[in-house]
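*Asks:* generate a structure from the sequence data that follows.
(chains A, B and C)
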Amino acid sequence: MAQIALNHVTKEYNNGRIVAVNDLSLEIEDGEFLVLVGPSGCGKSTTLRMVAGLEDATEGDISIGPTRVNELEPRERDIAMVFQNYALYPHMNVRKNIGFGLQLSTDLSDTEIEERVEEAAQLLEIGELLEKKPKALSGGQQQRVALGRAIVREPEAFLFDEPLSNLDAKLRKQMRTEISRIQEQLGVTSIYVTHDQEEAMTMGDRIAVMNDGELQQIGEPNEVYNYPANLFVAGFIGSPSMNTIETEVAADGTHLEAAGGALTYDLGADDHPDPDLSPGDRVTVGVRPEDVSVRAAAEAFTDQTHRATVEVVEPLGSDNLLYFDVDGASWTARVSPAFEPEPGDEVAFSFPRDALYLFDDRGVTVESRDLTDPAEAEQVTAADGDGAATR
Amino acid sequence: MSKANQSTALPRPIRRYGPLAVLGVFSLWTLVPLFWMFLSSLKIRKSMFEFPPTIIFDPTLRYYQDMFLGSNPVTPFLANSVIVALGTAVLSVGLGTVGGYGLSRLDLRGKKHLAFWIISTRMAPIVVVVIPLFYVYKTAGLLNTHVGLIIAHTTFNLPFAIWLMRSFFDEVPVSLEEAAMIDGATRWQAFRKVSLPLVLPGMGATAIIAIVFSWNDFIFALIFTSNATQTMPVAASQLVTQTGTLWGQVMATGVVILLPMVTFGVIVKKYLVSGLTMGAVKE
Amino acid sequence: MVEHQRTTEVSGVSTDAYVGEEPDDTGESILESLPISFEMVLLAPSIITLAILSIIPLVVIIWLSFMEINFTPVNEQIFVGPQNYADMVNNGNVWDAWKATVVYVGGSLSLQLGLGILISVMLHRVIVGENVFTSIVIMPMMIAPVVVGLLWQFLLDPTFGLYTYMMNQIGLFINQPILGDPNSAMAALILMDTWQWTPLIVLIVLAQLKSIPEHLYEAARVDGATGFTQFRYVTLPLLKPAIAIALLLRSMDLMRYFAKVFITTGGGPSNTTKIIGLYVYEQGLRFFNLGYGSAVGLVMLVVTILMGLAFVEMIMGGAGDNE
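*Replies:* Below is the predicted model of the structure:
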């Protein structure tokens, strides 16, 4: 087991014309499960491949344990990797697939390799598949073999490159818990790359959000969710995405006004510490869908009620999602399943001062949702300590 | 719409059996010459020239006997053909497999130009290669040697093999090799133990098609060989003489030349299209 | 073999100071510091071999095209400058050879393409027998051109040829040798090549036909397309790349090879079937006008290279560099 560290790592292609990863520094603790998440093309896979040694870093240092590994071949790094397409060797049966790495990289005898393979197969419940060729296996079974190939090596680190994206939804959830279980059981330092924020939230000890080759934020899942460092993270983590609208601080310094006049919001409404804003500042307002309350149009249920026309109602069973237009931006509200307006109905919506996120004109978070409400405080105590830093 | 339907729709029996009939006629057109060749190689001289031609006759194996056991047996020519074909196949597929892998995995700007240059050496008209090679061989003393002809055939078989093997390696996902390297393999081991076994059938097909190209070549063999190193096609062409042609012998020789190649063709049928198009078309 | 192991790094391996253990670097540092990748090492033997095999003939043929080479009475090489090229432009026989080539290539291509598409579409329709049929049609492609030439010469022989006999039965070519008449000789050569190589077009087009997803036809049918319109607006456009590949391959081969012509007509009667390849062969290697033959051959090379460029562009396209 080992700590993995990236120190100011940059990866350029085509002589610097494309920067895939820009000045990235990360430390993954011994035994930690770190999820690298971001939209496609954000540099997360490149980062993982640099740790694996499949790509050379243009600049910066990568170390696994005490060793700087930049110049080491993949085989010298003592890591294991699970690929998106599993990359099982088609001409070898499952037993050979799993044992191949041991055969190449260790001096173990055939019987010892056999034992380790059996052991891994048992852990993954694929003992009866050992003699089959990959072609004869289902996607989920192939996935397990790929995992087996990784764990049998007992490496310093596991690297996962979107390993679940080729599976169907149900199997994906099942394998998610499976991978988490095995990682916890073995305690091997792991880096897991995914574009799926839900996967990131549920699996990671910490998650690192990347965009455009740069690290946006790193932290525990709740912390990243509740205290996003910037507009990008706020929009990327959470489903449905955070609602946002661009506003300007009004002349009185306490009101926010959307450009079209579709929405004004009084920041002084509650006795809330005013963020450091001056009239004329451009501020993006963000609200999580679960913080938007919606009622029938007739009710003016708070002193800050806004009106909108429902465009789509998406029943999820447990909740209903309402989609409506606010000054050209599509907003979503998560409401009780009992509330079922028709598309075209006018509704009133409101969100409390506490739920507000504010981002400055560079997208940096100025203010995050206030969770000191006693009912919710319990959930976030764990995140709160680190969270303060990002606020 | 219904009108369009009426005007284009053919009566059912035609739609049903039309294609079969067309294919049948095409098969006949393909097979009759071959069939006729085979029959004629079994006919005695007299019945061969009967008009109208006969289909029923007493077959004779005389020409085949003559060919192998007569005063002027073709066996040495057959041996020449085999030596040259095997020589060029081993050389081309050996270099072509390694080179095709390199070309497939190479990440280089201008790779297309490299690939084009490789294949352009095969697209050159035979005669454009023959003339300068003739001059070089004459100077270097390579005329009328097996080595000379093997080299000459390699001018078209090697680029072919590189391209075809490249297309086979293109189908092996790079992630397999990456997985192997993470599993502890060197680049060479990843190539040798993971990718190479996966293209073995392709290698076999490439070798067989290279043999066919070499075996069937006429112009190179005509210019670069003499009596002692003559290959089968040249020997066959020389059966046609000013004073009269022994057609029975010609047909029998033809059968001997084509039979192994047709067999090869059927064996590698699956790879034939991609082989003959140098990997441009995949079945 | 050991040396291959560490050659993967591209140039510019940084030698920054770092903390921690030294990576176990044993020996191969020279190879490692060269801008040579593993792929290049593997590619090198073929490239070197090919370079020798292609550049030597190329240089020699260019050199020859400016020379007059004599072997008798004495070996001599006389520099004649562009004389050979001037001779070529002024020689009507070259132009006749190119004309014959255009007829031969054009005739063969159109016949083979039409027939090839027809057969492949029919073959795509029938469910049974594809295996047997394809086994049959690949046979001619495997046969040496010399044997094909001899076989057709036999079939078309004016006195005992099977096909001559059949033609005579319907009143054609009576007392008129098919390979001895200027018009029918070229037609016969085209038919001969069509017999041998139409199957390649059939197989190429068939492979493409099979790759057209069924749902496209279903969509077309929903949109009201009938058999013919379906073929015209769905099938044919999707066949274009395959047809282009087939055409280019065939045209290059028709230019490259002349063995069948050599065997059957020898370019006759009265040079009507003397295609350019055969012409160059005769000039260079029968009459030993190596210089003049080389000049005409070089022009031929340029033409085929241009066709080849189109071929490569078609299959590799602009994306070739990123493959």
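*Asks:* domain-wise, how is chain A divided?
*Replies:* If you go by automatic domain parsing, the domain ranges for chain A are A:4-231, A:240-390.
*Asks:* B:Tyr135 is nearest to which of the ones you listed?
*Replies:* Closest approach to B:Tyr135 among these (Cβ to Cβ): domain A:4-231, 44.9 Å. Heads up, the C-betas are built off the backbone N, CA and C, glycines and all.
*Asks:* distance from the chain centre to the closest one, please.
*Replies:* Offset of domain A:4-231 from its chain centre (Cα atoms, centre = their mean, to the nearest Å): 15 Å.
*Asks:* mean pLDDT per helix and strand in chain C: which one sits at the bottom?
*Replies:* Lowest on mean pLDDT, DSSP states H and E among the helices and strands of chain C sits helix C:2-5, with a mean of 38.
*Asks:* deepest of the domains of chain A, which one?
*Replies:* Stretch with highest mean neighbour count among the domains of chain A: domain A:4-231 (a mean of 20; mean count of other Cβ atoms under 10 Å in any protein chain shown).
*Asks:* and the end-to-end length of that one?
*Replies:* 28 Å (Cα to Cα, to the nearest Å).
*Asks:* what mean pLDDT would you report for that domain?
*Replies:* Throughout domain A:4-231, pLDDT has a mean value of 92.
*Asks:* ditto for stretch B:70-81
*Replies:* Mean pLDDT, stretch B:70-81: 89.
*Asks:* restricting to C-alpha, output that stretch in PDB.
*Replies:* C-alpha atoms of stretch B:70-81 as PDB (Å, rounded to 0.1, in the frame of the first residue of the first chain):
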ATOM      1  CA  GLY B  70       8.400 -38.000 -69.100                       C
ATOM      2  CA  SER B  71      11.700 -37.100 -70.700                       C
ATOM      3  CA  ASN B  72      11.200 -33.400 -69.800                       C
ATOM      4  CA  PRO B  73       9.600 -33.400 -66.300                       C
ATOM      5  CA  VAL B  74       8.300 -30.200 -64.800                       C
ATOM      6  CA  THR B  75       9.400 -31.300 -61.300                       C
ATOM      7  CA  PRO B  76      12.400 -28.900 -61.200                       C
ATOM      8  CA  PHE B  77      10.200 -26.000 -62.200                       C
ATOM      9  CA  LEU B  78       7.700 -26.900 -59.600                       C
ATOM     10  CA  ALA B  79      10.500 -27.000 -57.100                       C
ATOM     11  CA  ASN B  80      11.700 -23.600 -58.200                       C
ATOM     12  CA  SER B  81       8.200 -22.200 -57.800                       C
END
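*Asks:* re earlier: so for B:Val174, which of the domains of chain A sits nearest?
*Replies:* Between these, domain A:4-231 lies closest to B:Val174; by Cβ to Cβ that is 9.0 Å.
*Asks:* contacting residues for C:Ser46?
*Replies:* B:95-96, B:98-100, B:102, B:118, B:158, B:162 (Cβ atoms under 8 Å, 6 or more residues apart in numbering or on different chains).
*Asks:* so the residue in chain A that chain B sits nearest to versus A:Arg153, what's the distance?
*Replies:* Across chain A, no residue is closer to chain B than A:Ser105, which sits at 2.8 Å (Cβ to the nearest Cβ). Look at A:Ser105 and A:Arg153: by Cβ to Cβ, to the nearest Å, they are 7 Å apart.
*Asks:* so what sits against both of those two?
*Replies:* Contact with both A:Ser105 and A:Arg153 is made by residues B:Asp183, according to Cβ under 8 Å, 6+ apart.
*Asks:* and chain B, what are its domain boundaries?
*Replies:* With automatic domain parsing as the reference, chain B has domains B:2-66, B:72-276.
*Asks:* so of those, which one's packed in deepest?
*Replies:* For these, the highest mean count by mean count of other Cβ under 10 Å goes to domain B:72-276, at a mean of 21.
*Asks:* next up, the contacts around the closest residue to chain C within the stretch 151-300 of chain A.
*Replies:* Of all residues in the stretch 151-300 of chain A, A:Glu156 sits closest to chain C, at 13.2 Å by Cβ to the nearest Cβ. Shown in contact with A:Glu156 (Cβ under 8 Å, 6+ apart): A:1-2, A:64-65, A:77-79, A:188-189.
*Asks:* so where do the helices sit in the stretch 201-350 of chain A?
*Replies:* A:221-226, A:231-236 (DSSP state H, counting those that start in this stretch).
*Asks:* what about the longest helix seen in chain B, near chain A?
*Replies:* For chain B, the longest helix by residue count, based on DSSP state H, is helix B:75-105. No - applying Cβ under 8 Å from any Cβ of the partner chain, one finds helix B:75-105 separated from chain A by no less than 12.8 Å.
*Asks:* what does the helix or strand that that helix is followed by contact?
*Replies:* The helix or strand immediately downstream of helix B:75-105 is helix B:111-123, counting by DSSP states H and E. With Cβ under 8 Å, 6+ apart as the test, helix B:111-123 has contacts from B:103, B:106, B:108, B:155-156, B:158-160, B:162-163, B:166, B:278, C:46-47, C:50, C:53-54, C:252, C:256, C:304-305, C:307-309, C:311-312, C:316, C:320-321, C:323.
*Asks:* what do you get if the cut-off is 7 Å, keeping everything else the same?
*Replies:* B:103, B:155-156, B:159-160, B:162-163, B:278, C:50, C:53-54, C:252, C:304-305, C:308-309, C:312, C:316, C:320-321 (Cβ atoms under 7 Å, 6 or more residues apart in numbering or on different chains).
*Asks:* so which of those residues belong to helices?
*Replies:* Those of the contacts of helix B:111-123 lying in helices (DSSP H): B:103, B:155-156, B:159-160, B:162-163, C:50, C:53-54, C:252, C:304-305, C:308-309, C:312, C:316.
*Asks:* hang on, the earlier thing: mean pLDDT lowest where, among the domains of chain B?
*Replies:* domain B:2-66 (a mean of 78).
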